[in-house]
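Trainee: Sequence isn't available, so here's the structure alone:
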């Protein structure tokens, strides 16, 4: 270790020349001044949610192996199987060696189209491999950050919550100065870094710019949002060389100038058309991959439990519409998972007597025939050797399962308003014109755009390679100017964070809706500036309850305090005499209170949601548009 003299120990000679003093510079931390904090915090969050380095390493390896397996198996099925021998109806038994051709013979059967597809697949595999190696290297650095800077070992990750990790990150900021633009980081700063792009997408959805709507003959208007379209939009807006962002955290200066809006809109529109053309060129290959992957993924599920194909899931559109600003993936997943049962009960309350009768009759006939074959098989297993018997039994089982899924739950009573209220306790969002109309088929149809059949989502994904080029051309291209105006009008610069969506600031004075406030604490804002469906208010309350240590601005704190005061005076821990046992809030309390350690916080949020919706119902004087989807109502 080097030793240095203090100034007092140095003897100066007035006649001597000037002395040069050296001071040792402290060693910088390896996590000091991280250039791309967005990616760093996003990887930190992903590392926690994916249970550490080993799990993430295996996940990357298995994804590569899965891709190679699907390609190799598909090629072998196309050229390496002797189907004439396989389906031969001779007296002798066929062996596997007779059906499966040697590898050399299989390769010899490849056509030029097969070779082209395989070359493209190998290029994709190489790209995925390089990307996977890059991600693993980055996550190794995150592992060191967890182990050294945060003092968390991988085996402890499953026993620590993200909020606890976040507290340690704030402490690490003081020690390592990961962000040099401000000394202390708040919870909102970290969320802004992780969710910068997602908050922009949520705001685009909230302002009805995305997702596109298409009119389908005999069906009507439907919201269209698939993984393929989502990837295209995120790449176009945030990751492409022509993105409005010059880096992950700064909007290009020209996008902030109103004088350039037309020029930028023309430029964006041109890039949308280019992207549509590229999608059209690769549509056959993407479609082939989608079909193969879906077949291998769902084949076993369909065989084991065909009824699951008829179950409902939250659509990709619902994951945007029902998500708060500054809400992480695991937080929204927890809410919607808890809402699944209530949503199923709501849609099950609607039933068509005609459909129920037909499904019941078909189920009875199919089940009876299947039962006869099962009894005969138990008596003599040689029955299975009869031609097509196994196929017939399997087909009848599928029909019975589907018919039973189409029949209503006998234990669900006809109380649509209560059932929908139970859903809103978890989803938090309820279009104003749904209140009092939950019993109508119009509302049910709108709700089904959020809570769709799994098979519907599967069909949408399979068709997306074909439909996406058309959507980009006919729906996204005409909105180029709206998108440019959106980024200019709803981007603010935050010290230590960069440019973020202004809605994500949860500023109720700028983006609040007076109809969601008991008191006039919202400045005069026009329809264009205010968030729809109370999203800013609900997001603010949710974020404060999720991060109790966060200190919001004064106006926001007053709003949250009013809501919390209501929760205190109407605590769910004590039910007043005469409260109905059918109260959906009580149902949540009784069913989940003993299992969820955060039950009280979760119930408080549910009560806040119902309170704010009640305020909105009393104060709103809404003029609804003719559109028939939740996001198309005009305040």
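Mentor: That came through, no problem. Everything quoted here is computed from the prediction, not taken from an experiment.
Trainee: Low-confidence ranges, the stretch 51-200 of the chain, go.
Mentor: Applying pLDDT under 70 to the stretch 51-200 of the chain flags residues 89-91.
Trainee: Burial check on residue 459, number of neighbours?
Mentor: For residue 459, the count of nearby residues is 12 (other C-beta atoms under 10 Å). Just so you know, the C-beta spots here come from the backbone N, C-alpha and C atoms, and that holds for glycine as well.
Trainee: OK, contacts around residue 544?
Mentor: Taking C-beta atoms under 8 Å, 6 or more residues apart in numbering, we find residue 544 in contact with 550, 552, 560.
Trainee: Highest neighbour count among the residues you listed?
Mentor: In these, the most neighbours by other C-beta under 10 Å go to residue 552, 21 neighbours.
Trainee: Next, give phi and psi for it.
Mentor: Residue 552 adopts backbone torsions of phi -80, psi 170, taken as degrees, to the nearest 10.
Trainee: just the strands in the protein please.
Mentor: 213-216, 220-223, 245-247, 250-251, 312-314, 451-453, 491-494, 498-501 (DSSP state E).
Trainee: tell me the most buried of these?
Mentor: Highest mean neighbour count of these: strand 498-501, a mean of 23 (counted as mean count of other C-beta atoms under 10 Å).
Trainee: Now do that strand: everything it contacts.
Mentor: Taking C-beta under 8 Å, 6+ apart as the rule, strand 498-501 contacts 192, 196, 199-200, 202-203, 245, 248-251, 325, 490-494.
Trainee: just how off-centre is it within its chain?
Mentor: 21 Å (C-alpha atoms, centre = their mean, to the nearest Å).
Trainee: What strands line up against that strand, and which way round?
Mentor: The pairing partners recorded for strand 498-501 under DSSP bridges are strand 491-494 (antiparallel).
Trainee: thinking again about what came up before, make JSON lines out of the strands of the chain and add distance to residue 426 and mean pLDDT.
Mentor: Below are the strands of the chain laid out as JSON lines (distance: least, C-beta to C-beta, whole Å; pLDDT from 0 to 100):
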{"stretch": "strand 213-216", "distance to residue 426": "26", "mean pLDDT": "87"}
{"stretch": "strand 220-223", "distance to residue 426": "21", "mean pLDDT": "86"}
{"stretch": "strand 245-247", "distance to residue 426": "34", "mean pLDDT": "94"}
{"stretch": "strand 250-251", "distance to residue 426": "35", "mean pLDDT": "95"}
{"stretch": "strand 312-314", "distance to residue 426": "11", "mean pLDDT": "93"}
{"stretch": "strand 451-453", "distance to residue 426": "12", "mean pLDDT": "93"}
{"stretch": "strand 491-494", "distance to residue 426": "31", "mean pLDDT": "96"}
{"stretch": "strand 498-501", "distance to residue 426": "25", "mean pLDDT": "97"}
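Trainee: Tell me which of those approaches residue 285 most closely.
Mentor: strand 213-216 (23.9 Å; C-beta to C-beta).
Trainee: for stretch 271-289, which positions count as buried?
Mentor: Buried positions in stretch 271-289, judged by neighbour count with 16 or more other C-beta atoms under 10 Å: 271, 272, 273, 275, 276, 279, 280, 283, 286, 289.
Trainee: quick one: low-confidence ranges for the stretch 401-550 of the chain?
Mentor: 411-413, 520-525.
Trainee: what are the ranges of the helices in it?
Mentor: With DSSP state H, counting those that start in this stretch, the ranges of helices along the stretch 401-550 of the chain come out as 416-427, 441-450, 454-471, 480-489, 508-511, 535-546.
Trainee: Now do the second one against helix 416-427, angle only.
Mentor: What it means is helix 441-450. For helix 441-450 against helix 416-427, the angle between stretch directions is 30 degrees (axes from the mean of the first three to the mean of the last three C-alpha atoms, to 10 degrees).
Trainee: per-residue confidence at the residue positioned nearest the centre of the chain?
Mentor: With distances taken as C-alpha atoms, centre = their mean, the chain has residue 319 as the residue nearest its mean C-alpha position (5.2 Å). On the pLDDT scale, residue 319 is placed at 97.
Trainee: For the residue nearest to it when sequence neighbours are not counted, give me its contacts.
Mentor: The spatial neighbour of residue 319 that comes closest, neighbours along the chain excluded (C-beta to C-beta, 6 or more residues apart in numbering), is residue 332 at 6.8 Å. By C-beta under 8 Å, 6+ apart, residue 332 lies in contact with 319, 322, 323, 324.
Trainee: tell me the mean pLDDT for stretch 267-277?
Mentor: The model assigns stretch 267-277 a mean pLDDT of 97.
Trainee: Run the chain-centre distance for it.
Mentor: 26 Å.
Trainee: Other residues contacting it?
Mentor: 232, 235-236, 240, 242, 468-470, 472-473, 476-477, 480, 483-484.
Trainee: quick one on the thing from earlier: distance of the residue nearest to residue 319 relative to residue 224?
Mentor: 21 Å (C-beta to C-beta, to the nearest Å).
Trainee: cool, and residue 111?
Mentor: For residue 111, the distance to residue 224 - C-beta to C-beta - is 35 Å.
Trainee: quick one: which of those two has more around it?
Mentor: Neighbours per residue, other C-beta under 10 Å: of residue 111 and residue 224, the larger number sits with residue 224, 21 against 10.
Trainee: wait, doesn't that one sit right on residue 210?
Mentor: No - counting by C-beta atoms under 8 Å, residue 210 is not a contact partner of residue 224; they are 10.2 Å apart.
Trainee: And residue 281, how far from residue 565?
Mentor: 59 Å.
Trainee: cool, and residue 515?
Mentor: 20 Å.
Trainee: Tell me where the stretch 51-200 of the chain has helices.
Mentor: Using DSSP H, counting those that start in this stretch, helices in the stretch 51-200 of the chain cover 53-79, 83-86, 96-99, 103-108, 112-144, 162-176, 187-206.
Trainee: Show me what the last one packs onto, helices and strands only.
Mentor: Contact here means 3 or more C-beta pairs under 8 Å, 6 or more residues apart in numbering; DSSP states H and E; on that basis helix 187-206 packs against helix 37-49, helix 162-176, helix 227-234, helix 316-321, helix 480-489, strand 498-501, helix 535-546.
Trainee: Show me where the stretch 201-350 of the chain has its helices.
Mentor: Going by DSSP H, counting those that start in this stretch, the stretch 201-350 of the chain shows helices at 227-234, 261-304, 316-321, 329-348.
Trainee: Comparing these, which stretch has the densest surroundings?
Mentor: Neighbour counts (mean count of other C-beta under 10 Å) averaged over each of those peak at helix 316-321, with a mean of 22.
Trainee: packing partners for that one?
Mentor: Counting by 3+ C-beta pairs under 8 Å, 6+ apart, helix 316-321 packs on helix 187-206, helix 329-348, helix 441-450.
Trainee: Quick one: closest of those to residue 535.
Mentor: Judging the helices and strands packed on helix 316-321 by C-beta to C-beta, what sits closest to residue 535 is helix 187-206, at 5.3 Å.
Trainee: so that closest one versus helix 162-176, what angle?
Mentor: 120 degrees.
Trainee: Domain-wise, how is the chain divided?
Mentor: 37-185, 213-351+408-632 (automatic domain parsing).
Trainee: picking up where we left off before, next, format the contacts of residue 544 as TSV and append distance to residue 65.
Mentor: Output for those, formatted as TSV (distance: C-beta to C-beta, whole Å):
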residue	distance to residue 65
550	42
552	47
560	49
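Trainee: just curious, which of these is nearest to residue 137?
Mentor: So of the contacts of residue 544, ranked by how close each gets to residue 137 (C-beta to C-beta), first place is residue 550, at 33.2 Å.
Trainee: residues contacting that closest one?
Mentor: Per C-beta under 8 Å, 6+ apart, neighbours of residue 550: 186, 187, 188, 543, 544.
Trainee: for it, phi and psi?
Mentor: The phi/psi pair for residue 550 (degrees, to the nearest 10) is phi -70, psi 140.
Trainee: could you measure it against residue 86, distance?
Mentor: 64 Å.
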